[in-house]
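Asks: Sharing a model that was predicted from the sequence below.
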Amino acid sequence: MLRSRRLWRYLRLIVGLALIALLIPTLATPEFWSTLASVNVPLVVLAFVLSVASVASKAWRWGVVMRWRGIHLSPGYLLFSYFIGMFFNNFLPSGMGGDAVRAIEAARHTGRGAESVTAVVVERGSGMLAIFATGSLFALTVPTLPTGIALLVHALFVGSLVMVWALWLDVTGHVLAAIGARLPVRLQGAWGKFTRVYDEFRLYRHEWRLLAAVMWQSVITLALSLASVYTLLLAFNDPIPFAAFASFFAIATAVDVIPISLNGLGVREGTYVFFLGQIGVARPVALGVALLVRLLVLIQAALGGIAFLWRNVHGEKLAKQIGTEG
């Protein structure tokens, strides 16, 4: 198992380096460097502020879900945990994503494993659904959007709805129970933990007020995220219609979560260059935006590393940040 994980890590690194190699011709052009040198720095700073605000909004959304399950975490704990998750995502080649870190940390600190894991799933899932829905809606308003991009955005939205519907069906629970009954004894424990998380997830099926509140918070979060990246486009003085950009953002978000490269190396940059190029953004600008997005994320991830160290040093204060009720 350890050997296969190590091999997978190396394969992801190779994929990332290969994708970066494909971008070298653009990086090597004088046009790219002149474009990068002309960037509007105040707008980049504004983009960073908006990006941090979007992270704070995500942390608040997570807290809303946790409170519904009777788990009360302080705003500081929630925000620190989000930044710490970004640190694990971007600086540690462990293969453990930031969402997994948040779920495991919350489960360890609160003693509510299934609830903590499911809250992260619901929080992140609602955000993805909002991104796909918005991208699909905006795609309908751009007649010049390439057909392939429009179809892909609509497919992401419809596919996400179908996935949620399928997971909430009673028959899915019966299928999972039947699979578990046929597993070897040594796998029963792990499967039992998985099904407990699944059963917890299905509790959200009829909580429409909670889901509405979470989706509303997701709209706020998405607005901040869209504004942040679109501001980077403005910083290069190469704007495109906002509706077309929102459609692109849905695709970029979907690609970004596919673990084919270590820490997303090369994937995000290649996605920006290819798909922004399809809607009229010059390659040097698209690559410049992608690199600045990565820079802003790395700065926040570095803050998460500091928060992680602080949390380890001041562990006794953590108990004061967490309260739980059944």
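Replies: Thanks, I have the structure now.
Asks: what residues does stretch 86-103 touch?
Replies: Counting by C-beta atoms under 8 Å, 6 or more residues apart in numbering, the neighbours of stretch 86-103 from elsewhere in the structure are 5, 8-9, 13, 55, 62, 81-82, 84-85, 116-117, 119-121, 124, 259, 262-263, 297-298, 300-305, 307-308. Every C-beta, even on glycine, is put in place using the N, C-alpha and C of the backbone.
Asks: Quick one: buried ones out of those?
Replies: When neighbours are counted using 16 or more other C-beta atoms under 10 Å, the contacts of stretch 86-103 contain these buried positions: 55, 62, 81-82, 84-85, 116-117, 119-121, 124, 262-263, 297, 300-301, 303-305, 307-308.
Asks: can you confirm H72 is in a strand?
Replies: Yes - the secondary structure assignment for H72 places it in a strand, going by DSSP: H, G, I helix; E, B strand; the rest coil.
Asks: Count residues in the vicinity of it, would you?
Replies: Taking other C-beta atoms under 10 Å as the criterion, the count of residues near H72 is 15.
Asks: that older thread, from the contacts of stretch 86-103, which land in helices?
Replies: Among these, the residues falling in helices (DSSP state H) are 5, 8-9, 13, 55, 62, 81-82, 84-85, 116-117, 119-121, 124, 297-298, 300-305, 307-308.
Asks: which regions of the stretch 201-326 of the chain lie under the pLDDT threshold?
Replies: 262, 314-326 (pLDDT under 70).
Asks: Helices of that one, start to end?
Replies: The residue ranges that make up the helices of the stretch 201-326 of the chain, judged by DSSP state H, counting those that start in this stretch, are 208-235, 242-256, 267-278, 283-313, 315-321.
Asks: Which one of the ones you listed lies nearest to V158?
Replies: The closest approach between V158 and any of the helices of the stretch 201-326 of the chain, judged by C-beta to C-beta, belongs to helix 242-256 at 12.1 Å.
Asks: and L92, what pLDDT?
Replies: In the prediction, the pLDDT value recorded for L92 is 66.
Asks: Show me the contact partners of stretch 111-131.
Replies: Contact partners of stretch 111-131, identified using C-beta under 8 Å, 6+ apart, comprise 58, 61-62, 65-66, 69, 71, 99, 102-103, 106-107, 110, 157, 160-161, 164, 193, 196-197, 199-201, 204, 211, 214-215, 217-219, 221-222, 249-250, 253-254, 257, 324.
Asks: ok, now stretch 223-237?
Replies: In this structure, residues lying in contact with stretch 223-237 by C-beta under 8 Å, 6+ apart are 35, 38-41, 43-44, 46-48, 50-51, 53-54, 57, 134, 239-240, 242, 245-246, 249, 281, 285, 288-289, 292-293, 296.
Asks: Same question for stretch 145-154.
Replies: 132, 135-136, 139, 142, 244, 247-248, 250-251, 275, 278-279.
Asks: Look up how far L43 lies from F242.
Replies: 15 Å (C-beta to C-beta, to the nearest Å).
Asks: Number of residues surrounding W216?
Replies: With neighbours defined by other C-beta under 10 Å, the count for W216 comes to 14.
Asks: For the residue of the chain positioned farthest from its centre, report the pLDDT, please.
Replies: The outermost residue of the chain relative to its centre, with distances by C-alpha atoms, centre = their mean, is V185 at 35.0 Å. Per-residue confidence (pLDDT) for V185: 79.
Asks: contacting residues around it?
Replies: With contacts defined as C-beta under 8 Å, 6+ apart, V185 is in contact with no residue.
Asks: Show the pLDDT at F88.
Replies: The predicted local distance difference test score for F88 is 87.
Asks: Report the distance from stretch 213-226 to the chain centre.
Replies: How far stretch 213-226 lies from its chain's middle: 13 Å, per C-alpha atoms, centre = their mean, to the nearest Å.
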